[in-house]
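In: After the sequence you'll find the predicted model.
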Amino acid sequence: MEHSIIFAGFGGQGALFAGQLLTYAAADAGLHVTWIPSYGPEMRGGTAHCTVVVGDEPIGSPLVRNPDMVVAMNLPSTDKYEPLVKSGGLLVVNGSLVKRPIRRTDIETLVVPANDMAQEHGSQRLANVVMLGALLEATDLLPLEQVEQALRDHLPKRHYHLLDANIAALRAGAEFARIFMPASAAVT
């Protein structure tokens, strides 16, 4: 199995952190993984995305043209990556910021009110972790508990006081996907 995922948003939304957290969790689980970050000239407010490839065999190339999954944190990311998701793939969209309907009918879509849910856990800055939780529940990438452990093991010390809030946001995203994404639509 090999899965490619793009996390995309504005700088400061945590798209890179969400991808990095998935990368740590996959590596800790003994899987092969690559993580390639990319961001525009402005860190906060500019564009940011990363590509993660997870597999149970060595990864031939970390470059991805048509990802299996995309986590789009904002409208520009949705506009850019919706056309690129592989047919049969998954697009997870931040419904707090993306109000337009998704045009593709050959992909699964999960619209998560991530900013609103994150605010319920104390900060909109947790929206990235909400989105990651939803992605995990909607796919067979990794068990949620593996990513929770990666948070415990890899969250920078300066942010360790946010550990409980991050875990709660991760679980909230997973619960949202469990309720709003039919089991038949889960992406493998």
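Out: Cool, the structure landed. Numbers count the residues shown, from 1 in each chain.
In: Give me the phi and psi for residue 178.
Out: The phi/psi pair for residue 178 (degrees, to the nearest 10) reads phi -60, psi -40.
In: helix, strand or coil for the closest residue to it other than its chain neighbours?
Out: Nearest residue to residue 178, sequence neighbours excluded (C-beta to C-beta, 6 or more residues apart in numbering): residue 137, at 5.4 Å. Every residue, glycine included, has its C-beta placed from N, CA and C. Under DSSP: H, G, I helix; E, B strand; the rest coil, residue 137 falls in the helix class.
In: What does the pLDDT read for residue 137?
Out: At residue 137, the pLDDT value in this model is 97.
In: do residue 156 as well
Out: On the pLDDT scale, residue 156 gets 88.
In: And for the one 3 residues further on?
Out: Confidence at residue 159, expressed as pLDDT, is 89.
In: I'd like the distance between it and residue 131.
Out: 18 Å (C-beta to C-beta, to the nearest Å).
In: Among these two, which residue is more densely surrounded?
Out: The neighbour comparison of residue 159 against residue 131 (other C-beta atoms under 10 Å) goes to residue 131, with 33 against 12.
In: show me the contacts for the residue nearest to residue 178.
Out: Shown in contact with residue 137 (C-beta atoms under 8 Å, 6 or more residues apart in numbering): 144, 173-178, 181.
In: any idea which of those residues has the most stuff around it?
Out: Highest neighbour count within the contacts of residue 137, by other C-beta under 10 Å: residue 173, with 30 neighbours.
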